[in-house]
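Enquirer: Need coordinates for the below:
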Amino acid sequence: MKGAAMTEALAVVGLTKRYPEFLLDGVNITIPTGYVMGFVGPNGAGKTTTLKAILGIVKPDAGVVRLFGGPAGAAAVNQRVGVVMDNPYYPEGWTARDVGEMAGLFYERWSAPGFARQLDQFGISATKKISELSRGMRVKLQLAVALSHGADLLVLDEPTSGLDPVARDELRNMLHDFVADEAHTVLFSTHITQDLERTADYITLLFDGRVVFSGELEALSNSYLRVSGDVDRLTPADRADIIGYRARGGVFEGMVPADKAAALPPDLLTEAVTIDEIVVYLSQAKEPSHV
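Expert: Below is the predicted model:
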């Protein structure tokens with residue numbers, strides 16, 4: 001991890017939002033400046049509501065959101081935040097040049113020459129209409145806007161959804177370049193957890209409106225082990241410790257907290273678990289507990 005003294009780019013404290021059929025319940029997230037935070041969870045977990053609160057689109061019922069020490073939605077804060085969605089909300093008939101001209105009206109630090117350079121770097125013709133751009137090019141266009149108005153925080157909502165492996169790799173490299181100077185920060189919401197394993201420094205897991213983990217990616221990876229073996233080797237106590245337990249043909253698999261693995265029978269197989277597997281196994285648990 002980076003050695004400089006840490007400052008907060010984003011702090012979400014006790015964020016609560018009630019809907020008739022859903023509760024976002026006391027969400028806490030902190031991202032130090034200069035890092036990439038992955039934000040994951042099943043559909044309906046509350047990620048979109050959280051992102052909207054961070055962007056000042058949704059007003060919380062309780063809790064606070066601070067960006068660079070200021071309140072979410074404040075004009076000065078919005079100037080420093082770049083948003084990249086899986087599909088931009090630009091009119092389909094606009095050209096990339098039109099997008100730049102409109103962005104220049106809203107952002108105080110807008111650089112028209114910088115935008116032109118970004119379009120050239122990304123291989124986007126200024127005369128191309130939004131309707132003519134591939135999904136990958138639409139993501140790059142949003143990045144071009146964010147980089148051209150001097151964004152210090154990028155908020156990405158499923159930007160790699162539907163991208164091919166080459167485009168996903170290009171995006172990951174762009175994010176690495178963005179945070180390389182340690183003054184920029186990224187919040188990266190995605191279902192493609194493989195992207196996070198190669199990109200993120202921190203990760204937040206959200207289930208049913210509650211944060212079950214928020215911290216360093218390495219700490220999460222070290223918290224669990226995948227376990228498998230013969231069902232008849234498990235005692236009831238062993239079985240109770242296994243998360244996402246599945247059995248078929250006398251053989252089981254699941255995930256166990258790393259600090260409980262030593263108590264399992266030695267002939268069971270334990271191995272490292274991926275972030276994707278952690279999310280799946282926790283999703284299968286009735287009540288995902290805090291790590």
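Enquirer: For residue 255, which non-adjacent residue is spatially closest?
Expert: residue 281 (4.1 Å; CB to CB, 6 or more residues apart in numbering). The way it works is simple: take the backbone N, C-alpha and C, and place the C-beta from them, glycine included.
Enquirer: my guess is that neighbour contacts residue 243, does it?
Expert: Yes. Between residue 281 and residue 243 there is a contact at 4.9 Å, judged by CB atoms under 8 Å.
Enquirer: Counting neighbours, what do you get for the residue nearest to residue 255?
Expert: Using other CB atoms under 10 Å, residue 281 is surrounded by 22 other residues.
Enquirer: How about the helix or strand that contains it, which residues are buried there?
Expert: Here residue 281, judged by DSSP states H and E, is contained in helix 275-284. Within helix 275-284, the residues scored as buried using 16 or more other CB atoms under 10 Å are 275, 277-279, 281-283.
Enquirer: Not counting that helix itself, show me its contacts.
Expert: By CB atoms under 8 Å, 6 or more residues apart in numbering, the residues outside helix 275-284 that reach it are 38, 40-42, 193-194, 196-197, 203, 205, 207, 212, 217, 220-221, 224, 226, 243-244, 246, 254-255, 273, 288.
Enquirer: same question, stretch 237-247
Expert: Taking CB under 8 Å, 6+ apart as the rule, stretch 237-247 contacts 224, 227, 231, 234, 252-257, 260, 263-265, 280-285.
Enquirer: Can you get me the start-to-end distance on that stretch?
Expert: 16 Å (CA to CA, to the nearest Å).
Enquirer: mind checking how far that stretch is from the chain centre?
Expert: Here stretch 237-247 is found 28 Å from its chain centre; the criterion is CA atoms, centre = their mean, to the nearest Å.
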